[in-house]
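Whatever this is, show me its structure:
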Amino acid sequence: MTSGTCFGISTMKPCCRILSSYKNPLIFGFSPTKFNDSTIKDMLFRSRCPNSTHRHRYNTCYTQIVGYIRVIHPNRRDFSVSDSNWALSRNFSSSFCVNIGSVRPRVGSLIPNVASDIRNQSTSVDSHVHDTSFEKIYIQSGLNAKPLAFEKIETDQSKLEEVPEERFVGSNVNVDNLEDLRENKVQRVVSEIEKEAWKLLHDAVVTYCGNPVGTVAANDPADKQPLNYDQVFIRDFVPSALAFLLNGEGEIVKNFLLHTLQLQSWEKTVDCYSPGQGLMPASFKVRSVHLDGSNGAFEEVLDPDFGESAIGRVAPVDSGLWWIILLRAYGKLTGDYALQDRMDVQTGIRLILKLCLTDGFDMFPSLLVTDGSCMIDRRMGIHGHPLEIQALFYSALRCSREMLIVNDATKNLVAAVSNRLSALSFHMREYYWVDMKKINEIYRYKTEEYSTDAVNKFNIYPEQIPSWLVDWISDEGGYFIGNLQPAHMDFRFFTLGNLWTIVSSLGTTRQNRGILNLIEAKWDDIIGQMPLKICYPALEGEEWRIITGCDPKNTPWSYHNGGSWPTLLWQFTLACIKMERPDLAQKAVDLAEQRLSADRWPEYYDTRNGRFIGKQSRLMQTWTIAGFLTSKMLLENPEKASLLFWEEDFEILQNCVCMLNRSGRRKCSRFAKRSQILV
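This next block holds a predicted model:
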């Protein structure tokens, strides 16, 4: 009987690329020391295998590997290397997988460093490194990089058993793992269309080191140019994750949350500029990379895209917000709150919040973003403070306030979150909401007002009210406009943002009802023959040319420019259930069910009424499939739907953070509006 020890030093990228990935070391007060791959290899190897004569870049201290060896148990915390060259760091499991010839993959662990700080009584983050509450990372050799952590594996070669051959359906699906996922799923009677949808959803599953980690964006075998539709997108996976969770299949969601968290600390560059620490990637792809100097050996790596490969090279603002929302949903639907209490997950939440709450030049509590940074990822004139981002931001803040563990290190962050919730809630309800009464006020606005008591605070010119809106707005309904900036109001109706104002209670009860009343009154415009319009109305003529840059994909009533997206069904269903209008959701789901399967589950539909399959629409679109399944299950299980939305929190409204009254200048205007806001 023999035993051996194995240590893997590979990460999702060669360690030299990890160590050089941090571009902003000055926030820690020092510059990085450069190490090459061999230096790191020798340093780590000597610290762990000082007597071994086998020196291999990625492994090994023994030569036989049989089966999957899990280095980090999913329910056990990682630990940091105690070597003097490495800092103590957060617990963070970053997996990689190595194949050697026909040998099975091996999994290792990575632990990166993080830092976070919040200013007292503020809605933003103060990143001053001299603050004693700032959690500094100190590395003795001056290296601002992720330290690697390893766990020792004692293997008894005589006890190793042959692992049965895996069975695959398609190229990515591990059937054995999926069977494990289904052990606890809810037993329910499903229609033939739902059976087809479930099969397609499981066929879209992607595995990494033998474990399911997500679903590809689209899985049409006839598509010869998949572009990035063969990747796992964070926003696209959310409806898939909810479908799995509602069906009792939680492992894939847990894996997804942890593996995307691994990618968070990477800093990719776009022409020598780096996004802020804490950014979540838009998507990732599992790639097999051959090892240099090996005989058939390869490793599986997760290759993330932070926008450096995207059309327009725009970093995704909404990915981190969706990740936080999904993390809360996982805990609510599975009861596994231990995941969100893990140190690495808590730090991931804090990094996202730090990125979103950082001080800037903006005066508004809403989040300032560039065009194309969310679901509408092409130029559509939504730069500034688009409704979709504000609604998701508000939802993520509410999730974070629920999940953050309050202690000395996080109390300032929790206070900043509460303050921002209060400010954002008031700002959106007061300035973004329009109905007949509000439009009449705007129509009679005086301009060029200079005072703190100005009524027309953003200097909106009444001529901005579009002609289509005058006859379109219903008497009994209203909605949140798409954007608000100085001298600019985007009066287009954006569906996703309005639905999330309902789900998150960003709007008042009266406003939430008004949105659904408007959708019901304008059913043919917003729902048509395929729910739901992403926005209304479409940009046409010269306006389309100027705002989209003559984008041939966003022609009028197509794609993001007034196209119909079936994936919005699940969010519409959730909003309707919350407002006790499941009849509206059922009507929309029945309408979609008549066509989706026959049309092979398209990504989107074109024309004003959604009659045609989108001219560039991918088929077998995963979030179309998942949105339909999630809607069906939410309607059948409204008690589970109630776990996914928020009721009004009056504490947010009482927590006014405006300090003007403390400075003696004037009383905060929010107190004057309190009676309206509480309605």
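
Pop out the phi and psi values for residue 393.
phi -60, psi -50 (degrees, to the nearest 10).

nope, residue 433 is what I was after
In terms of degrees, to the nearest 10, the main-chain angles of residue 433 are phi -80, psi 130.

Could you check how many residues crowd around it?
Residue 433: 21 surrounding residues under other CB atoms under 10 Å. Any C-beta I mention is one placed from the backbone N, CA and C, and that applies to glycine too.

list the contacts for it?
Shown in contact with residue 433 (CB atoms under 8 Å, 6 or more residues apart in numbering): 478, 479, 480, 481, 507, 511.

repeat that with 10 Å
By CB atoms under 10 Å, 6 or more residues apart in numbering, the residues touching residue 433 are 478, 479, 480, 481, 501, 507, 508, 510, 511, 514, 515, 676.

And it, how far from residue 495?
16 Å (CB to CB, to the nearest Å).

Over to residue 258?
Applying CB to CB to residue 258 and residue 495 gives a distance of 31 Å.

now residue 569
11 Å.

what do these two both touch?
Common contact partners of residue 569 and residue 495 (CB under 10 Å, 6+ apart): 531, 532.

ok, the two, which is more surrounded?
residue 569 (29 against 25).

which non-adjacent residue is nearest residue 388?
Nearest residue to residue 388 in three dimensions, chain neighbours excluded: residue 497, at 4.1 Å (CB to CB, 6 or more residues apart in numbering).

Same check on residue 405?
Computed as CB to CB, 6+ apart, the closest residue to residue 405 that is not its neighbour in sequence is residue 346, at 5.9 Å.

where does residue 667 land on pLDDT?
Residue 667 is assigned 48 on the pLDDT scale.

I misspoke; the intended subject was residue 23.
36.

same deal with residue 540?
Here the pLDDT value assigned to residue 540 is 97.

Spatially nearest residue to it (excluding sequence neighbours)?
Nearest one to residue 540, counting by CB to CB, 6+ apart, is residue 556 at 4.5 Å.

Can you dump the C-alpha atoms of stretch 385-400 in PDB for me?
Provided in PDB are the C-alpha atoms of stretch 385-400 (Å, rounded to 0.1, in the frame of the first residue of the first chain):
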ATOM      1  CA  HIS A 385     -29.400  56.700 -15.500                       C
ATOM      2  CA  PRO A 386     -31.500  54.000 -17.300                       C
ATOM      3  CA  LEU A 387     -34.500  52.600 -15.400                       C
ATOM      4  CA  GLU A 388     -33.400  49.000 -15.800                       C
ATOM      5  CA  ILE A 389     -30.200  49.500 -13.900                       C
ATOM      6  CA  GLN A 390     -31.800  51.500 -11.200                       C
ATOM      7  CA  ALA A 391     -34.500  48.900 -10.500                       C
ATOM      8  CA  LEU A 392     -31.900  46.100 -10.400                       C
ATOM      9  CA  PHE A 393     -29.600  48.200  -8.300                       C
ATOM     10  CA  TYR A 394     -32.400  48.800  -5.800                       C
ATOM     11  CA  SER A 395     -33.200  45.100  -5.800                       C
ATOM     12  CA  ALA A 396     -29.500  44.200  -5.200                       C
ATOM     13  CA  LEU A 397     -29.300  46.700  -2.400                       C
ATOM     14  CA  ARG A 398     -32.300  45.100  -0.700                       C
ATOM     15  CA  CYS A 399     -30.900  41.600  -1.200                       C
ATOM     16  CA  SER A 400     -27.500  42.700   0.300                       C
END
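
Would you mind checking which helix or strand in the protein has the lowest mean pLDDT?
helix 15-19 (a mean of 31; mean pLDDT, DSSP states H and E).

what about residue 571, is that helix, strand or coil?
helix (DSSP: H, G, I helix; E, B strand; the rest coil).

In this structure it contacts residue 499, no?
Yes. With contact defined as CB atoms under 10 Å, residue 571 reaches residue 499; the gap is 4.5 Å.

Looking at those two now, which is surrounded by more residues?
residue 499 (25 against 22).

so how far is residue 526 from that one?
Residue 499 sits 11 Å away from residue 526, going by CB to CB.

what does residue 412 give?
Note on residue 412: its distance to residue 526, by CB to CB, is 42 Å.

how deep is residue 224 tucked in, by neighbour count?
6.

Ok, residue 230 next?
Around residue 230 there are 18 other residues, counting by other CB under 10 Å.

can you check the one 5 residues further on too?
By other CB under 10 Å, 23 other residues sit near residue 235.

Next step: the contacts of residue 433 restricted to strands.
Among the contacts of residue 433, the members falling in strands (DSSP state E) are 479, 480, 481.

Just give me the closest of those to residue 655.
Nearest to residue 655 out of the ones in strands among the contacts of residue 433 is residue 480 (CB to CB; 21.7 Å).

what's near enough to touch that closest one?
387, 390-391, 428-429, 431-434, 493-494, 497-498, 500-502, 506-507, 511, 514-515.

circling back to that earlier point, intersection of neighbour lists for residue 571 and residue 499?
residue 532.

Which pLDDT value belongs to residue 108?
39.

before we move on, what about residue 52?
Confidence at residue 52, expressed as pLDDT, is 37.

again, but for residue 331
The pLDDT attached to residue 331 in the predicted structure is 98.

That one is in contact with residue 324, isn't it?
No. Between residue 331 and residue 324 there is no contact under CB under 10 Å: 11.4 Å.

of those two, who's got more company?
More neighbours surround residue 324 than the other of residue 331 and residue 324, with 26 against 19 (other CB under 10 Å).

which secondary structure element contains that one?
Assessed by DSSP states H and E, residue 324 sits inside helix 318-334.

Contact partners for residue 614?
Residues in contact with residue 614 (CB under 10 Å, 6+ apart) are 553, 558-559, 563-565, 602-607, 621.

Quick one: the strands in the stretch 351-500 of the chain, in order.
Per DSSP state E, counting those that start in this stretch, the stretch 351-500 of the chain carries strands over the ranges 433-434, 479-485, 488-494.

still on that earlier bit, now do the same contact list for the residue nearest to residue 388.
Counted by CB under 10 Å, 6+ apart, residue 497 has contacts 374-375, 382, 386-392, 428, 432, 479-483, 506, 535.

Out of the residues you listed, which sit inside helices?
387, 388, 389, 390, 391, 392, 428 (DSSP state H).

got any ranges where this structure has weak pLDDT?
By pLDDT under 70, the low-scoring segments of the chain are 1-188, 265-271, 656-679.

which of the residues in stretch 394-408 are buried?
By 16 or more other CB atoms under 10 Å, the buried positions in stretch 394-408 come out as 394, 395, 396, 397, 398, 399, 400, 401, 403, 404.

sorry, back to before: which strands and helices lie in contact with the helix holding residue 324?
Using 3 or more CB pairs under 10 Å, 6 or more residues apart in numbering; DSSP states H and E as the contact criterion, the elements in contact with helix 318-334 are helix 234-246, helix 251-262, helix 338-341, helix 343-356, helix 387-403, helix 495-503.

Distance to residue 438 added to these, as TSV?
Output for the helices and strands packed on helix 318-334, formatted as TSV (distance: least, CB to CB, whole Å):
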stretch	distance to residue 438
helix 234-246	31
helix 251-262	40
helix 338-341	39
helix 343-356	28
helix 387-403	15
helix 495-503	15
